[in-house]
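1. pasted the sequence and its predicted model underneath.
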Amino acid sequence: MFKNKHTSPQLPSLTDPVRPYYKNASEIYTYELYIKVANEIRKEAGYRISHFDDCGDHLLLSLIRFQHGEISYKVRYYKINNHFKCDCLLFETEGYPCKHIWASMKHFNISRLPPSLILKQWTKEATTSSTPPEQGVSNNQEQLTQMERYDSLTSDTNMLNFYASRMDSNFIFAKQEIARITAYCKDAFEQNLGSPTPVQVPHMGHQNNPNIVRDPVIVKTKGMRNHHGGQVEGLGGLDGKKSRKCRMCSSVEHDYHKCPHKLRPNTRGQSASSSQLASFFGPTTTNNHENTEYFVDDSTQESFQSFPFMLSYNLNFYFDAY
């Protein structure tokens, strides 16, 4: 086997009868494919030809495996071009000969692979070419353009041939004009070939090639899209959704039910002061406050009593003054 990708493989001993097959495969195939081909050559020793039939243009070989005689494979050998075709279809699917073909080649004393069993895409010369890639693409594009022009001219002259063949005068006139145009185009073509700077066909890359299928257009999905596109100041969360605010103090840290400034009935008999109610309800404009009492919880009263200007009257005295 190969020591690395830049060295030749270590061939079997000289006593190995199929050593020429290993050597021939190492000269043709690449590093990766030689390992697969060598594995097929190694397995061919377990097969032998039981019989063959002459079918005229080819021979039909029947191969059986040692100790597995009930399983047989059919290999067709075409004498005219030394081509082998096996019904296991390994060559048609993977691109390299199977063990049955190697066994058939050994039966006919064929020491080298026929050209019909070598695919250039698996050889060492697959990436080597005398023509640069861009020049090859340009030549192919030039040939396609020439074929399109030829088809277009053929289609246009069909109608000319139809009407020119109806009358003698039209026929003679068409023949003269065709001869004149042919001579003109021939001279222009010969001058273009003899010019030192021939007309260069513009290179068509993959971006402007109409034969390449492009990526599909991305369409928008259903539903309302996010106009903010992420987290925005004043909005909570990375998805741009609005956070719930307290309707009393407009804080986003809690809601109305957990607001510390919310007025609640006091079960301990402590009443709220007039300044506390004034800060929430504004100045009082009516005197209809008889038999009315408001309470706040202990935490709210402690926060309000911390101010030096807080009045010490309770709610009952506040409404009695009115």
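-> Cool, got the structure.
2. apart from its neighbours in sequence, what residue is nearest H254?
-> Leaving aside its chain neighbours, H254 sits nearest to C246 (5.7 Å; criterion: CB to CB, 6 or more residues apart in numbering). (C-beta placed from N, C-alpha, C; glycine too.)
3. to clarify, my last question referred to A126.
-> Nearest non-adjacent residue to A126 (CB to CB, 6+ apart): K120, at 5.8 Å.
4. would S116 count as being in a helix?
-> Yes. Assessed by DSSP: H, G, I helix; E, B strand; the rest coil, S116 belongs to a helix.
5. circling back: for the residue nearest to H254, what are its contacts?
-> Counting by CB atoms under 8 Å, 6 or more residues apart in numbering, C246 makes contact with V252, H254, D255, Y256, C259.
6. can you pull the pLDDT of it?
-> Note on C246: pLDDT of 87.
7. what about it, which SS state?
-> coil.
8. returning to what we had before: against T30, how distant is the residue nearest to A126?
-> 11 Å (CB to CB, to the nearest Å).
9. on that earlier part again, and the contacts of C246, which is closest to H68?
-> V252 (79.1 Å; CB to CB).
10. list the contacts for the closest one?
-> G236, S243, R244, K245, C246.
11. list only buried entries from those.
-> Neighbour-count burial (16 or more other CB atoms under 10 Å) applied to these gives C246.
12. including distance to I101, could the contacts of V252 go into TSV?
-> Converted to TSV, those look like this (distance: CB to CB, whole Å):
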residue	distance to I101
G236	72
S243	74
R244	77
K245	81
C246	84
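13. avg pLDDT for the longest helix seen in the chain?
-> Longest helix in the chain by number of residues (criterion: DSSP state H): helix 133-164. For helix 133-164, mean pLDDT is 75.
14. is R76 in a helix, a strand, or coil?
-> Under three-state DSSP, R76 comes out as strand.
15. need the pLDDT of N266.
-> pLDDT, N266: 51.
16. to clarify, my last question referred to K79.
-> 83.
17. then G46?
-> The model's pLDDT for G46 equals 89.
18. number of residues surrounding it?
-> 14 (other CB atoms under 10 Å).
19. next one: phi and psi at the residue lying closest to it once chain neighbours are set aside?
-> Distances taken as CB to CB, 6+ apart place F66 nearest to G46, at 4.9 Å, with adjacent residues excluded. Dihedral pair for F66: phi -60, psi 130, per degrees, to the nearest 10.
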